[in-house]
Structures are given as C-alpha cells and as structure tokens.
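Novice: Here's my sequence, what's the structure:
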Amino acid sequence: MLKARAFASYELDLFGRVASSVNAARAEGEAAEDLYRSVQLALQADVAQAYFALRTLDSERDLLNATIKLREDALSLLKKRYDAGETTDLDPARAEAELGTARADLAGIERRRANQEHALAVLTGVPPAAFSLPARPFDAAPIAVPAGCRPSCWSAAPTSPRRNARWPRPTRASAWPRRRSSRASR
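Specialist: Numbering: from 1, shown residues only. Predicted structure coming up:
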C-alpha cells in the first residue's frame, strides 16, 4: 500500500512585506549595476585624461627639443662672436646656462612622460614593462572662424537654441507671400 503526502504553505502578504522585500532586492541589483557603470565611466575618463596628458608631454618634449637646438645654435654663434672679440665672456656663459636649463627641463619631461605612460598601462590593465606608446605630439587643429564674424553672430546662428527661442520658425502660411492674381491687380 502506498501513501503519499503533500504539504503546501502560503503566506498572506497583508502588509506588503514580501512585495517590499522583492522591490528592495530589485533596487539593490539596479544600484549595483549603476555603481558598476559609474566605476566604468570613471575609469574611461581616467584613461582619456592620461592619454591626453601623455600627448601633451610629447608636444612639450618636441618644443623643448626645438628650444635646445636653437640654444645650441645661439651658443655657437656667441662663441664665434667672443672669439672674434665682439662680445664679453658673459654672453656665452649665459647661453650655456640657458642651454643647461633647457636640457634639465627635457629630462624632467622625459621622466614625467615615463610616469604617465606607466599610469596609462596600469589603467588599461597591461603591465608597464609590456606597454609602450610611441611619441606622437598632440596635434589640435585650430577651429576656422570666418573673418568678420563676432561672437554675437554665433548666438544668432540658425542652429542656436537661443535664436530659435527668440524667433520661432514661420508657419507655411506666413513664410510664403501670397501671389496676386492678374485679375486682382487690375
């Protein structure tokens, strides 16, 4: 002989405790997802900031290299003038000091670039020893503004929200002038 037993239970949710706990669990899941997206966005912003800082340091390095080249040319010119007796020894000494300062600044830029490159490697999850970005100066093309265009005319551009608020778009009836018929002009 077989006997089967079954038990079932049900809890009445008179005060909404079960529904509230379900809503709370759902809200916690959404909060965790929002936190994940917030951290991901912050990481992306840090990577972008580190990348542009690296490119800015590359631009500064190019500028310092050009400055060092000019200082070396100026120093050789001043040494020739000193040898010819046209100047005192103060001018070549000052040029050597300026050249040394530029070279020291270049060493500082190189050190800052290496630190920035390592920071970018850490942010992207790559070991710094395996990460390398070739030097490429930040090249920002200037924005072309038409000659004679003042900032006041920029705000009156057709795509400007302020212009659209001041002058609403004309309706079809007011936008097109009515054509007089030949009979009405007689």
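Novice: Show me what the helix ranked longest in the chain is packed up against.
Specialist: Assignment by DSSP state H gives helix 17-83 as the longest helix of the chain. Under the contact definition 3 or more Cβ pairs under 8 Å, 6 or more residues apart in numbering; DSSP states H and E, helix 17-83 sits against helix 90-124. Every C-beta, even on glycine, is put in place using the N, C-alpha and C of the backbone.
Novice: picking up where we left off before, the longest helix of the chain to helix 90-124, inter-axis angle?
Specialist: Helix 17-83 runs at 160 degrees relative to helix 90-124, counting by axes from the mean of the first three to the mean of the last three Cα atoms, to 10 degrees.
Novice: what's the average pLDDT for helix 17-83?
Specialist: The pLDDT scores in helix 17-83 average 93.
Novice: and what of stretch 121-131?
Specialist: 91.
Novice: What is the end-to-end distance of it?
Specialist: 6 Å (Cα to Cα, to the nearest Å).
Novice: From here on, call the first residue 344.
Specialist: Got it, first residue is 344 now, which makes that one stretch 464-474.
Novice: quick one: buried residues of that stretch?
Specialist: Residues of stretch 464-474 classed as buried: 464, 466 (neighbour count, 16 or more other Cβ atoms under 10 Å).
Novice: got the contact list for it?
Specialist: Under the contact criterion Cβ atoms under 8 Å, 6 or more residues apart in numbering, stretch 464-474 has outside partners 386, 389-390, 393, 460-461, 463.
Novice: of all the residues you listed, which comes closest to Glu453?
Specialist: Glu460 (10.6 Å; Cβ to Cβ).
Novice: mind listing what that closest one touches?
Specialist: Counted by Cβ under 8 Å, 6+ apart, Glu460 has contacts 397, 471, 474-476.
Novice: can you tell me which two in these are farthest apart?
Specialist: Leu397 and Pro471 (13.0 Å).
Novice: are any of the contacts of stretch 464-474 buried, and which?
Specialist: Buried among these by 16+ other Cβ under 10 Å: 393, 460, 463.
Novice: does the last one really touch Ala393, like I thought?
Specialist: Yes - under the criterion of Cβ atoms under 8 Å, Leu463 is in contact with Ala393, at a separation of 4.4 Å.
Novice: wait, what's in contact with the residue located most distally from the centre of the chain?
Specialist: Within the chain, the residue lying farthest from the chain centre (Cα atoms, centre = their mean) is Met344, at 79.6 Å. By Cβ under 8 Å, 6+ apart, the contact set of Met344 is empty.
Novice: pLDDT wise, what is it at?
Specialist: pLDDT, Met344: 70.
Novice: Ala483 too?
Specialist: For Ala483, pLDDT reads 68.
Novice: do Ala499 as well
Specialist: Listed pLDDT for Ala499 reads 52.
Novice: Many thanks, I have nothing further to ask.
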